[in-house]
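[1] Structure of the sequence below:
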Amino acid sequence: MNLKRFVGRTSREAMVLVRQAYGDDAVILSTKPCAGGVEMLAMAPETVVALERAGMEPAVEPTVADAGAGADAATLAMSTLSFQDYVRERMLKRRQANLQSGEQAHPTVLPTESRKQTSPGAAGRAGAGQPVGLDQAGTGIGGVPGPVAGLDAAALARTPMPPGRSPTPVDVVLDDAPAERFEMMNELRSMKNLIEDRFGALAFIGALQRSPGLARLTQQLLGCGFSPALIRKLVTDMPGDVNNEEDWAAGVLERNLCTDSAEPALEDQGGVFAMIGATGVGKTTSTAKLAAACAAKHGAASLGLITLDAYRLGAHEQLRAYGRILGVPVHMAHDRSALEDLLGLLAAKKMVIIDTAGLAQRASRTRELLDMLGHRSINKLLVINAAAQGETTEDVMLSYRASICRGAVLSKIDEAVKLGPALDALIRHRTRVVAVANGQRVPEDWHRLSSQALVRWALRYVDGGSPYRLDTAEVSLMFAAPQAVSRAASL
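    Presented below is the predicted three-dimensional model:
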C-alpha cells in the first residue's frame with residue numbers, strides 16, 4: 001500500500017507536495033495540524049484501483065485477517081469521495097450496524113438442508129452476484145435487509161461488490177463500539193462547553209473594559225453581595241441606549257423580586273401556616289409576631305398555636321410564654337397523626353400557626369420534618385436569615401424546597417451587612433417575600449415591604465473601606481473563571 005505523509009506550513013503547501021508526488025488524482029486520507037504546520041496522509045490513485053481489483057477476487061476460506069483486509073479495501077475505496085461524504089457514509093454504516101445487531105435476536109431461519117449444504121465460504125461465493133446482507137425470505141425491520149443465518153461477519157465483510165457500484169451502509173460490517181463513542185461524545189461536549197464559557201468570559205470582560213458605566217455597575221452589584229451569575233445576566237441583557245445603568249438594573253431586580261405587599265396580610269387571609277427553617281433563624285419569634293398581629297386584629301379566639309419542637313429540652317416553653325401573654329393555649333404534636341388530629345380540632349380557627357424545630361439544612365431529620373408537614377392544608381413559610389452567606393442561603397432554600405413553599409420570611413435584616421445575597425437567592429428560586437423582621441420586639445418588628453424598598457435597601461450598601469472590597473482588576477479576574485452552571489431566573 002503506497003501511503004505517504006506530507007508536511008507543509010499551510011494546507012496549501014501540503015497540497016502542492018501531494019500533487020507533485022501523486023498528481024491531481026491523489027487521494028487525501030486525512031488532514032491534521034502538527035508541529036511543522038499541516039500534515040496530510042495521501043495515497044496514489046493506482047493504489048485504490050489495485051485495492052478494488054483485489055476486493056473483486058473471491059477467497060477460498062474466510063479468516064479474520066481477510067475480513068479486516070476487506071473492510072480496509074471498502075473503506076479506502078470510499079476515500080475517493082469528499083471528506084464530508086466519507087463521514088456521512090461512516091455514520092450510516094454505524095447506524096446500520098446497530099440495526100443489524102438488534103435483529104440478531106430474531107434471525108431469519110433457513111431450511112435445515114440448505115444450512116447443511118452451504119458453508120461460510122460457499123455462502124460468500126454465492127453472494128457475489130447480489131448485494132450482501134439481503135435475505136431471500138424477506139427484508140428486515142423498516143425495509144432494511146436482515147442478516148442471513150449461517151453467514152458470519154468475516155464472510156459478509158469479504159464479499160465483493162458488483163462493478164461500478166459504490167459502497168452502501170449494508171456492504172461493510174463495522175465493529176460497533178457504543179461505549180467508546182458515548183465517551184468521546186461526552187468529552188466533545190465538555191470541550192465545547194469549556195470553549196463557550198471561556199469565549200463568553202472574554203467577551204464579557206471586553207464589554208466591561210469598553211464601558212465604564214457597566215464596569216461601575218458590576219463592581220457595585222458585586223459589593224452589594226449579588227452573585228456573578230445574576231450580574232452577568234443583567235449586564236449582558238442591558239440595552240445599549242440606557243442612560244442610567246443603576247436605575248435600569250434596580251428596575252429589573254424589582255420586577256423579578258416577588259413580594260406580598262400588594263395582597264392582604266397573612267393575618268387577614270387566614271389559614272394554616274408552618275414556620276420552617278434552619279437553626280437560629282428566628283422561627284419561634286416570627287411565630288409570636290404573626291400570632292400577635294392576628295390576635296390584635298381578630299381576637300385571641302381566632303388563633304391556634306401548635307409546636308413540633310420536642311427535639312430540644314424545654315424548647316416549647318418559649319412559645320408557651322408568648323401564648324400565655326396572648327391568652328392562647330399552645331398544643332404539642334409529636335408525629336404526623338397527632339398533628340392531623342390537632343388540625344381537625346382547630347379547624348374552626350381563622351389562623352393556625354405551627355412552630356417547628358430548627359434543623360440544619362443537611363440533617364437527615366429535615367426530610368422527615370417536611371414529610372410530617374405534607375398535609376394539604378399546611379402552607380409552609382421558610383424563614384431565611386438575611387445575615388447569612390449567599391452560599392448558605394442557597395443551600396437552605398434547596399434543602400427546604402423553597403420552590404413549593406407559600407413564601408419566605410426574611411428575618412434579621414437589622415443584622416445583615418448586605419441584603420444582596422438573600423435577595424439574589426429569592427429571585428433565583430422565585431420565592432415570594434411575605435414579611436420581614438428587623439428585631440426582637442413582638443409585634444413591632446414585623447413588617448411588609450415592597451420589592452422596591454428591599455432592592456433600594458440592598459443597593460444602598462457602602463463598603464466603607466472593607467477588606468473584602470473588590471477593585472476593577474479583581475472584578476475582571478472573578479469573571480475570567482469558567483462560568484458555573486447557573487440556576488438564575490431569566491430576567
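[2] what are the ranges of the strands in the stretch 251-400 of the chain?
    Under the criterion DSSP state E, counting those that start in this stretch, strands of the stretch 251-400 of the chain are mapped to 271-276, 303-307, 330-332, 351-355, 378-385.
[3] Please identify the most buried of those.
    Of these, the one with the most neighbours on average (mean count of other Cβ atoms under 10 Å) is strand 351-355, at a mean of 27. C-beta here means a position set from N, CA and C on the backbone, and glycine is covered the same way.
[4] which residues are in contact with that strand?
    Strand 351-355 has contacts (Cβ atoms under 8 Å, 6 or more residues apart in numbering) with 266-267, 270-275, 283-284, 287, 290-291, 294, 298, 302-309, 316, 319, 339, 343, 346, 373, 378.
[5] Show me the helices in the stretch 251-400 of the chain, by range?
    Shown for the stretch 251-400 of the chain, the helices assigned by DSSP state H, counting those that start in this stretch span residues 266-269, 283-298, 316-326, 336-345, 365-372, 390-399.
[6] can you redo the ones you listed as JSON lines with mean pLDDT?
    As requested, these are exported to JSON lines (pLDDT from 0 to 100):
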{"stretch": "helix 266-269", "mean pLDDT": "91"}
{"stretch": "helix 283-298", "mean pLDDT": "92"}
{"stretch": "helix 316-326", "mean pLDDT": "86"}
{"stretch": "helix 336-345", "mean pLDDT": "90"}
{"stretch": "helix 365-372", "mean pLDDT": "87"}
{"stretch": "helix 390-399", "mean pLDDT": "92"}
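[7] that's a strand at Leu41, yeah?
    Yes - under DSSP: H, G, I helix; E, B strand; the rest coil, Leu41 sits within a strand.
[8] Okay, and the beta partners of it?
    Counting by DSSP bridges, Leu41 forms beta bridges with Arg5, Ser30.
[9] Am I right that it is in contact with Ile28?
    Yes - at 7.5 Å, Leu41 and Ile28 qualify as touching, with contact defined as Cβ atoms under 8 Å.
[10] Mind pulling up the pLDDT for Ala73?
    For Ala73, the model assigns a pLDDT of 47.
[11] Could you list the low-confidence segments of the stretch 201-350 of the chain?
    201-209, 311-315 (pLDDT under 70).
[12] what do you get if the cut-off is 80, keeping everything else the same?
    In the predicted model, the stretch 201-350 of the chain carries pLDDT under 80 at residues 201-215, 240, 309-316.
[13] any chance of the strands of the stretch 251-400 of the chain in TSV, with distance to Cys258 too?
    Putting these into TSV (distance: least, Cβ to Cβ, whole Å) gives the following:
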stretch	distance to Cys258
strand 271-276	18
strand 303-307	27
strand 330-332	32
strand 351-355	22
strand 378-385	13
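[14] So which of those is nearest Phe182?
    Evaluated over those, closeness to Phe182 peaks at strand 378-385, with 40.1 Å, by Cβ to Cβ.
[15] so what are the domain limits for the protein?
    Following automatic domain parsing, the chain resolves into domains at 44-176, 266-449.
[16] How much space separates Cys258 from Asn193?
    Remark: distance between Cys258 and Asn193 (Cβ to Cβ, to the nearest Å) = 31 Å.
[17] If anything else comes up later, I'll come back, but that's it for now.
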